[in-house]
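**Student:** Quick one, structure for this:
(chains A, B and C)
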Amino acid sequence: MELNIVRYILLFPLLGFLINGIAGKKMSHKAVGLVANTAVFLSFATVVYLFLTLISQPENARLITDTVYTWISSGSLTIDFKLMIDPLTSVMLLIVTGVGFLIHIYSVGYMHEDKSYARYFAYLNLFMFSMLLLVLSSNIILMFVGWEGVGLCSYLLIGFWYEKDSAANAGKKAFITNRVGDYAFLLGVFLLASSLASKGVLTLDFAMMAQQISLVPAHVLTIVGILLFIGATGKSAQLPLYVWLPDAMEGPTPVSALIHAATMVTAGVYMIARMNFLYVLAPTALEVVAIVGGLTALYAATIGLVQNDIKKVLAYSTISQLGYMFIGVGVGAFSAGIFHLMTHAFFKALLFLGAGSVIHALSGEQDIRKMGGLKNKIPVTHAVFLAAALAISGIPGLAGFFSKDSILAAAYASGHTGIWLLGFITALLTAFYIFRLVYMTFYGESRVDKHTAGHIHESPKIMTVPLIILAVLSVLGGYIGVPQLLGNLIGWHGSDIFTNYLAPVFSSATGHEMPVSTESILMIASIAMAFAGVFAAWYIYLKAKMKPAVSTVQTLPGLYNLLLNKYYVDEIYNTVIIKPLMWISEFFLWRFFDVWIVDGAVNGSAYVTKWASTRLRKIQTGDFQAYVLIFLIGVFSIVAYFVLR
Amino acid sequence: MIDNILLYTVSVFLIITYAYAVFANNPVYSAMAMGISFFFTALLFVILGAPFIAAVQIIIYVGAMLVMFLFIIMMFDLNKSAVSPVRYKPSTIISYLLIMLILLIGFYMARGVLRMPEGFTIRGFGSAENIGFNLMRNYLLPFELASFVLLAGVFGAITFIRKGKGS
Amino acid sequence: MSYQFLIILSFVLFSIGMIGVAMRRNIIVVLISLELMLNAVNVLFISASKYMHTLDGQIFVIMVITIAAAETAIALALVVRIFKSLGIVKIDDLKKLKW
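**Tutor:** The predicted model follows:
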């Protein structure tokens, strides 16, 4: 079905960006916020309308396209600026515009004192535009434009407070790390395009590629898949390119919520889900995805155990949860991965916004060692934060439980027991670190500075209302994907609405069945793990007042420092990559190549010109007859040439 | 036959007047010799079947340019003779030798007798009528451009001669 | 009548004019010599026009005359200007445009 209103989803944020970017400085804060929020809301409304249109179609015809214009035409290769909505896209669109809209509203309250208010909302709208372009594009090249666009906005927003050196450096780090991934991504696209072209298929359109992909030999597909996945590790912060995400917390908190938790970092997962037709034919590449995802999940969770910055804990939690999503898509359970993407968007956005609310209340304090006992002072924030924490821990009945469990079940069912084990341990660690955060922030004795303690205040309504909405979503969001096992208990057939809805997109993926008894045992085990984590956190940080934690640190200082310093990965990167690069840049490229070769060539040519002209200008005698002589020599030469020829 | 005698006679006079115009001490004599040489050139043009050009030659060169030269010479008293009209120094002597060399090469290049076609039959070849038709049909654009060059010349001359702000 | 003779004639005339340009020191005479050179070329054009049976040569002469007139006007204006402001008549004194 062709519907021309799809393009308006993109148009509104772009307009908002242009208005705020160009005229924002002269507009009042109210007008700026109104423009930005209206733009995103209109976009959201369009998405909802199109979503309703989409689900009114029969299951096999759920596809809306919109060809805006022919973008690139070169020989027989044509790439259209074509937008596409299928069930997968529609889920992503709802998450991006919905969560994005809530965060926009929240930002109005959170950023109201910032002097670069218009710039903030302009970037935010530009980000929405890029992200929607990424999601909506119907070919991989257009997707890459959005892919780069979100990277740019991420850079701009991380370095939003560029007066701070750390923020500017974090922005650079994010951008450069992403470039490494993007480079591999581009190589993958080129390899895919050229191998398709060598079979006579000149297209980069997803739908067309899906039909013709089997022409490409499997080993090429494996390489393409791994290259694209390296691109995804950059954008979605997986090993080994995750290092930028913790530093990205230098940006404003709503930005962390929107970009570095809910939407942009999920682009890699989305991309792999979108390219599922390719990955299904490249099992080795999928294996790599699953293993990297599993390792990242455990790795980041262990770092998250000991961090003391409230946002850093959430950042490592995000990396860990993204690892879960990659486990999901890596074991072929694409819809489970996307489901977790959605629930994660709800509760992680909520956690970040809640953290922002805490920081706001404490006038900028981010260290959880200086919090505690905030439960009664900021009750709304506490309630929603607790809901999100329960959701992420996998407590039954909340969103995170359903999605995490379906990923783990799929991992086990497909025979990846090792990866299942990684995810299983991570589930315990997740519950532990998130409740460590909750207990240290909201419960126990107050460790807040006396100075700040005086004016702790609950955030204004404009910030708490989005929090409450997200809390409701975090609690109830999982019920659209209730595992069939549980659905059967109450006689609800087709209870996994989400998977069924996405099924047409992932038709090439094959599901794995396992006995009901095994699935039940796994589910009970993971519930037990979640409760164990919560309980351990409660015991260590609340009941025993951190004594066990302190004694553990004293008995195992090496391990503690290793975790606290994030396995020294930043230091390793610094020594292995950055230092040599800087050294080469300084001593070879600058001191030698630039000074001697480049400048030498420039100065040398200037010197030669000067030397030659001081001698040549003697010809300019000002003597008319001498000029005539030279003229005659010229005439003579020409005549002589024609005679002697 | 009469043509040939006339041609050779005119040529001899032409060379003499040219030489006098170039080597005369007094600029006024130079200018006068130039005027006479223009008359002989016009005669040559008539012999070569270009009566209209001959008329134009006399009108413009003699009527306008010669008068202009004489006017300038006399108005500013430029005819004060220098010690030696010709300057002898290495550059001019080498120039002279080069000119002679080029002339010799020219002679060499023009070797082989090329005869003019006899019995010229086209009526009114070179008449004002024919040239006018040609000028207005085939050469309209260059003709118009030439008029612009003249206009530019007029402006240029006025600008140079006027008392500028700088002086 | 010999075309070759006319070519050589215009060559000789042109050379005489060139000698004047190259060796005379009076600015006016240099200009006169320039005019003579142009005229020598005109002779060649007219001869070629007759030899080749076409009027193009004559048209070209008209153009040459036009340009020569404009050039003379400007050159003489310059001479007047130079004389009035610098008092220079001899071309070897005019050496302002050196390095």
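
**Student:** Near whichever residue of the stretch 301-450 of chain A sits closest to chain B, how many other residues are there?
**Tutor:** Residue nearest to chain B within the stretch 301-450 of chain A (CB to the nearest CB): A:Gly364, separated by 69.1 Å. (Glycine included, C-beta is placed from N, CA and C.) Other residues within reach of A:Gly364, judged by other CB atoms under 10 Å in any protein chain shown, total 8.

**Student:** Helix, strand or coil: sort out it for me.
**Tutor:** Under DSSP: H, G, I helix; E, B strand; the rest coil, A:Gly364 falls in the coil class.

**Student:** quick one: the strands in chain A?
**Tutor:** Assigned by DSSP state E, the strands in chain A fall at A:64-74, A:77-85.

**Student:** and the angle from the longest one to strand A:77-85?
**Tutor:** So that's strand A:64-74. 160 degrees (axes from the mean of the first three to the mean of the last three CA atoms, to 10 degrees).

**Student:** And the pLDDT for the residue of the stretch 301-450 of chain A closest to chain B?
**Tutor:** On pLDDT, A:Gly364 comes in at 79.

**Student:** same question, A:Phe535
**Tutor:** A:Phe535 is given a pLDDT of 88.

**Student:** Settle this for me: B:Gly106 is touching C:Ser10, isn't it.
**Tutor:** No. Using CB atoms under 8 Å as the test, B:Gly106 is too far from C:Ser10 to be in contact (9.3 Å).

**Student:** Just give me the residue closest to the centre of the chain.
**Tutor:** Since no chain was named, I'll use chain A. Residue closest to the average C-alpha location in chain A (CA atoms, centre = their mean): A:Val265, at 1.5 Å.

**Student:** my bad, chain B
**Tutor:** B:Phe38 (6.3 Å).

**Student:** Could you say which helix or strand holds that one?
**Tutor:** Counting by DSSP states H and E, the element that carries B:Phe38 is helix B:27-47.

**Student:** Can you name the residues of chain B sitting close to chain A?
**Tutor:** Selection of chain B residues close to chain A by CB under 8 Å from any CB of the partner chain yields B:87, B:89, B:91-92, B:94-95, B:98-99, B:101-102, B:105-106, B:108-109.

**Student:** can you pull out the helices in chain B?
**Tutor:** B:2-23, B:27-47, B:51-57, B:67-75, B:90-109, B:128-137, B:140-161 (DSSP state H).

**Student:** which strands and helices sit next to the first one?
**Tutor:** For helix B:2-23, the helices and strands in contact under the criterion 3 or more CB pairs under 8 Å, 6 or more residues apart in numbering or on different chains; DSSP states H and E are helix B:27-47, helix C:3-23, helix C:27-52.

**Student:** Would you indicate which residues of the following helix or strand past the longest one are buried?
**Tutor:** When you say that, I think you mean helix C:27-52. Tracing the chain past helix C:27-52, the next element assigned as helix or strand by DSSP H and E is helix C:56-86. Residues C:57-66, C:68-83 are the ones in helix C:56-86 that count as buried (16 or more other CB atoms under 10 Å in any protein chain shown).

**Student:** again, but for stretch B:50-64
**Tutor:** B:Ala50, B:Pro51, B:Phe52, B:Ile53, B:Ala54, B:Val56, B:Gln57, B:Ile58, B:Ile60, B:Tyr61, B:Val62.

**Student:** which parts of the stretch 501-645 of chain A sit against chain C?
**Tutor:** A:Arg617, A:Lys618, A:Gln620, A:Thr621, A:Gly622, A:Asp623, A:Phe624, A:Gln625, A:Val628, A:Leu629, A:Leu632.

**Student:** mind redoing it with 6 Å?
**Tutor:** With CB under 6 Å from any CB of the partner chain as the criterion, the stretch 501-645 of chain A meets chain C at residues A:Arg617, A:Gln620, A:Thr621, A:Gly622, A:Phe624, A:Val628.
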